[in-house]
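Peer 1: Coordinates for the following, if possible.
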Amino acid sequence: MISKLHHFFYVALILFCLSASAAQTGKIPFQGTVVEAGIFEAVGSGACSAAPDTAAGRTCDLYEIRLVESNRNVKAELGVTFGFRYRLDGVPYGEIEDLEMRAIHPSMKGSDGIARDRSTAPAHAFGRNGRADDFIVYTLSEPFEVVLGQWHLQLLHKGRVVISQEFILQ
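Peer 2: Just a heads-up that it's a prediction; the model follows:
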């Protein structure tokens, strides 16, 4: 027979295990939406920094982008920038932690000689009034990046995909 105190601890242990299990499933705490996708042009750019988990070995900050064409079929040529603008709803105020951008692309051999089929780098978004607006784009800046096929640009939070957008480079 279980005493009331033992029963309380048993129920508390079950509730703790259930909440730990829910935390491990890692439900994304906010909603992501693609606002516009296609071919963009950069409006001002910032510094480039080393990004060892990318094919090009670097990422460059863009201050703003302008949609040129709403099309997910992209002409694969040097200098083309494609991607999407997104909105996150239900976010806290301030910098959103644990964001990452990922490009899943056909295999390409970067300047370091390593073949990769994905590139990842930290992403940054800032929440205000429960919402964050930002963008993820990929610029074909090196000849080895100009590869035909299916590409997926993604925003991840703690390793889980929040938004994924497919592009076909042809």
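Peer 1: For the rest of this, base every contact and every neighbour count on C-alpha atoms.
Peer 2: Noted.
Peer 1: ok, D53 - contacts?
Peer 2: S119, T120, A121 (C-alpha atoms under 8 Å, 6 or more residues apart in numbering).
Peer 1: Just among the residues you listed, which is most surrounded?
Peer 2: T120 (20 neighbours; other C-alpha atoms under 10 Å).
Peer 1: and L88, backbone torsions?
Peer 2: Here is the backbone geometry of L88 (degrees, to the nearest 10): phi -110, psi 130.
Peer 1: Nearest to A51 among the contacts of D53?
Peer 2: Checking the contacts of D53 against A51 with C-alpha to C-alpha, the nearest one is A121 at 6.4 Å.
Peer 1: just checking, what's the longest strand in the protein?
Peer 2: Using DSSP state E to assign secondary structure, the strand with the most residues in the chain is strand 31-50.
Peer 1: Walk me through which strands the next helix or strand after that one pairs with, and which way each runs.
Peer 2: Once the chain leaves strand 31-50, the next helix or strand it forms, by DSSP states H and E, is strand 58-69. In the sheet, strand 58-69 lines up against strand 31-50 (antiparallel) (DSSP bridges).
Peer 1: model confidence over the partner strand, on average?
Peer 2: For strand 31-50, the mean pLDDT works out to 91.
Peer 1: quick one: S49 and H124, what's the gap?
Peer 2: 14 Å (C-alpha to C-alpha, to the nearest Å).
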